[in-house]
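In: here is my input, please return the structure:
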Amino acid sequence: EVQLVESGGGLVQAGGSLRLSCAASGFTFDDYAIGWFRQAPGKEWEGLSCISSSDGITYYTDSVKGRFAISRDNARNTVYLQMNSLKPDDTAIYYCAAGLYSNSTNAYNYWGQGTQVTVSS
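Out: This next block holds a predicted model:
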């Protein structure tokens, strides 16, 4: 069974940090790029960052560039999203997904259940 399980979300004050984890199982992790997305109430899905399958190429959308950092540990089948300098606008449910290297939700086959991140002002 394919599973992606996010963890590490929570409540943090503006300016604080969180590290999200995405633990994968049930598929060949090394073959897939991993992306992080978020959805806030009443807003569109936003692709935040992605990392390629084997050579570690990364992408960041402008709203998180310089604040968020994505990394992967293929030995642990896990991808991380380090989030620094968090803002109230970062409040959303955060999802990881496995698929092709892209910032589009359409490129991803497998999705986690999401983890809530709330940033207070």
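In: can I take it that residue 30 is in a helix?
Out: Yes: counting by DSSP: H, G, I helix; E, B strand; the rest coil, residue 30 is part of a helix.
In: give me the nearest residue to it, chain neighbours excluded.
Out: residue 74 (5.2 Å; Cβ to Cβ, 6 or more residues apart in numbering). For every residue, glycine as well, the C-beta is placed using N, CA and C.
In: swap in residue 101?
Out: Per Cβ to Cβ, 6+ apart, closest to residue 101 is residue 33, 3.9 Å.
In: so what's the one you found up against?
Out: 50, 51, 52, 53, 98, 99, 100, 101, 102 (Cβ atoms under 8 Å, 6 or more residues apart in numbering).
In: residue 87 now?
Out: Contacts of residue 87 (Cβ under 8 Å, 6+ apart): 14, 119.
In: roughly how far does it sit from residue 64?
Out: 10 Å (Cβ to Cβ, to the nearest Å).
In: show me the beta-bridge partners of the spatially most central residue of the chain.
Out: Central residue of the chain (Cα atoms, centre = their mean): residue 36, 2.6 Å from the mean position. Beta bridges link residue 36 to residue 49, residue 96 when assigned by DSSP bridges.
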